[in-house]
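K.L.:
coordinates for the following, if possible.
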Amino acid sequence: MTTPPLDDARLEPHTRQRLDEQVVYPWADVSVRSTPRTFLARGDGVYVWDTDGNRYLDGPGGMWCVNVGHGRAEIADAMAAQATTLGYSSPWSFGSDATLELTRRLVAESPGDLDHVFYTTCGSTAVDSALRFVFFYNNCRGKPDKKQIIARVNGYHGSTFLTGTVSGKTSDKAHMEMVDGLVHHVSEPKPADRRAGQTVEQFCDELVEEFESAIVDIGPDRVAAFIAEPVLGSGGVVVPPADYHRRMLEVCRRHDVLYISDEVVTAFGRLGHLFASEHEFGIVPDLITTAKGLTSGYVPMGAVFISARLFDELRDLRADPTYFTSGFTYSAHPVAVAAASANLDIIEREELIAHVRDVGPYFQQRLGELSDLEPVWDVRGVGLMGAVEVRLPGTAADDARNAAFLATVDRLCQQRGLILRPVYSSCVLSPPLVITRAEIDQLADTLRSALVDAATA
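P.N.:
Model (predicted):
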């Protein structure tokens, strides 16, 4: 099914090519003038249309973010109403009842005592701000040497100088400068890669022991925080062993190390909870970072949730004014606050959390059925977050042949109306939360046909 292209959204091909060469996209290949790409014109629900009128099921949900689906007039109307009433106010000088109401709704659902919210502009700035708060906290405690961060191999936490350093995807660091001597990476908790004959429980024991040994080796008086995604996102949707996060938190508590749960992807319904840390993985961390689903991608916004315990401790320690001198011109931007509030309205009114719990197992079942295909090495996921990893015969995970194979699968899927997101040897999926069983069938059947045809090409 196709719809006519929008006349006012279509540029002449040569004009588009010329202009496209002037845009520096994320992860741009600077060795070529430009990379051919599809230009999207509009979206509705789980679908998007390109400028030629071709329809695609949005398998990645934009970039893990279009939780309530495309084309939500309610969010656009709320943003327009706010922009025409008051388009901006300085967070240095003024507050707003709208921000307070959004905060009330968010902290009502946040785990434990994480009832302090620092608003940012996106996921990268949320993680950056969380790390800066950890440094600030230890400075105020008279522990200026307690600054080392432990993260995981293949974790992803952002694209600022600091968050890029914390991220553990080595290929992303090529030709880029990082902060030296600050971050230490421990193994990713990927059960599929455990040693032959090793149980998942033994694998988890090994991970926890490695983590505690790293703290001891670095020095507990120097390690400030551990940062972890509940489920590694762009690292390939890695779901850890059942007790992993709880046991890692216990290690943190023993050594006075703060636990940062990076829920930029997993919060706001993706796993069937508004926040996944407590309800899915049984932990109450010290800080949670969020973005993406906070506004369903309609406008950039992020937020850091911080334990009241940390603020209480700082107030007990500091009698003199002590400023956390971090913030953004667009912190708690009025239009972003309006979008986030409207987004929460939709999640609540349409009971999308319950919907994810209902269709999530079916999504995982349909993806799991792809395991019978020869190129498929592993299928994993939780809620509406999944990955299909391929390993061609005679290849390892990092073999370029697997990535080339997935590039063919990606091309075939797009020709058949499905957008994928290949990441190394895995294609990751995080469709809008409004997806139906019939649309899950479309996604799984299209992916199967592309995998079969790519394998026999």
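
K.L.:
the residue sitting nearest the centre point of the chain: which element?
P.N.:
For the chain, V265 is the residue whose C-alpha lies nearest the centre (Cα atoms, centre = their mean; 2.8 Å). V265 is part of no helix or strand, with elements assigned from DSSP states H and E.

K.L.:
so what's the residue count around the residue nearest to it when sequence neighbours are not counted?
P.N.:
Closest residue to V265 apart from its sequence neighbours, by Cβ to Cβ, 6 or more residues apart in numbering: G233 at 4.2 Å. Every residue, glycine included, has its C-beta placed from N, CA and C. When neighbours are counted by other Cβ atoms under 10 Å, G233 registers 27.

K.L.:
what's near enough to touch G233?
P.N.:
Neighbouring residues of G233 by Cβ atoms under 8 Å, 6 or more residues apart in numbering: W64, Y156, V264, V265, T266, M385, V428, S430.

K.L.:
filter those to the buried ones?
P.N.:
By neighbour count, with 16 or more other Cβ atoms under 10 Å, those hold W64, Y156, V264, V265, T266, M385, V428, S430 as buried.

K.L.:
for the residues you listed, which one is nearest S277?
P.N.:
The nearest member of the buried ones among the contacts of G233 to S277, counting by Cβ to Cβ, is T266 at 8.0 Å.

K.L.:
what segments of the chain are helices?
P.N.:
Along the chain, the stretches classed as helices by DSSP state H are 13-20, 61-64, 73-85, 97-107, 123-140, 161-166, 200-218, 244-254, 276-281, 308-317, 334-349, 352-368, 400-415, 437-456.

K.L.:
how distant is the third one from the center of its chain?
P.N.:
Computed by Cα atoms, centre = their mean, to the nearest Å, the separation of helix 73-85 from the middle of its chain amounts to 26 Å.

K.L.:
and for the second one?
P.N.:
With Cα atoms, centre = their mean as the basis, the distance from the averaged C-alpha position of helix 61-64 to the chain average is 9 Å.

K.L.:
for that helix, which positions count as buried?
P.N.:
Here helix 61-64 shows G61, G62, W64 as buried, counting by 16+ other Cβ under 10 Å.

K.L.:
turn the residues you listed into a markdown table, columns for distance to L106.
P.N.:
Below are these laid out as a markdown table (distance: Cβ to Cβ, whole Å):
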| residue | distance to L106 |
| --- | --- |
| G61 | 21 |
| G62 | 21 |
| W64 | 19 |
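
K.L.:
out of these, who's nearest P13?
P.N.:
Nearest to P13 among the buried residues of helix 61-64, counting by Cβ to Cβ, is G62 at 25.2 Å.

K.L.:
I'd like to know how far the residue nearest to that closest one when sequence neighbours are not counted sits from R10.
P.N.:
Distances taken as Cβ to Cβ, 6+ apart place G297 nearest to G62, at 5.0 Å, with adjacent residues excluded. For G297, the distance to R10 equals 24 Å [Cβ to Cβ, to the nearest Å].

K.L.:
so between those two, which is more surrounded?
P.N.:
G297 (23 against 14).

K.L.:
wait, the more buried one touches V68, no?
P.N.:
No. Applying Cβ atoms under 8 Å as the test, G297 and V68 come out as separate, 9.3 Å apart.

K.L.:
from L429, how far off is L370?
P.N.:
11 Å.

K.L.:
shared neighbours of the two, which are they?
P.N.:
The contact lists of L370 and L429 share V388, where a contact means Cβ under 8 Å, 6+ apart.

K.L.:
and the two? Which one has more around it.
P.N.:
Comparing L370 with L429 by neighbour count (other Cβ under 10 Å), the higher total belongs to L429, at 26 against 18.

K.L.:
return the member of the buried residues of helix 61-64 nearest to R152.
P.N.:
Distance to R152, by Cβ to Cβ, is smallest for W64 among the buried residues of helix 61-64, at 17.9 Å.

K.L.:
residues contacting the closest one?
P.N.:
W64 sits in contact with G233, V264, V265, R270, K292, G293, M385, S430, where contact means Cβ under 8 Å, 6+ apart.

K.L.:
got a list of what the residue lying closest to T103 once chain neighbours are set aside touches?
P.N.:
Using Cβ to Cβ, 6+ apart and skipping the chain neighbours, the partner closest in space to T103 is V117 (5.2 Å). Residues near V117 by Cβ under 8 Å, 6+ apart: T103, L106, V107, A303, V304, F305, I306.

K.L.:
across the sheet, point out what pairs with V117.
P.N.:
Bridge pairing for V117 (DSSP bridges) gives the partners F305.

K.L.:
so for stretch 87-97, what gets flagged as buried?
P.N.:
P91.

K.L.:
end to end, how far does it reach?
P.N.:
15 Å (Cα to Cα, to the nearest Å).

K.L.:
before we move on, what about stretch 389-406?
P.N.:
From start residue to end residue, stretch 389-406 stretches across 9 Å - Cα to Cα.

K.L.:
if we can go back for a sec, let's have the contacts of W64 in CSV, adding pLDDT.
P.N.:
Converted to CSV, the contacts of W64 look like this (pLDDT from 0 to 100):
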residue, pLDDT
G233, 96
V264, 98
V265, 98
R270, 98
K292, 98
G293, 98
M385, 98
S430, 98
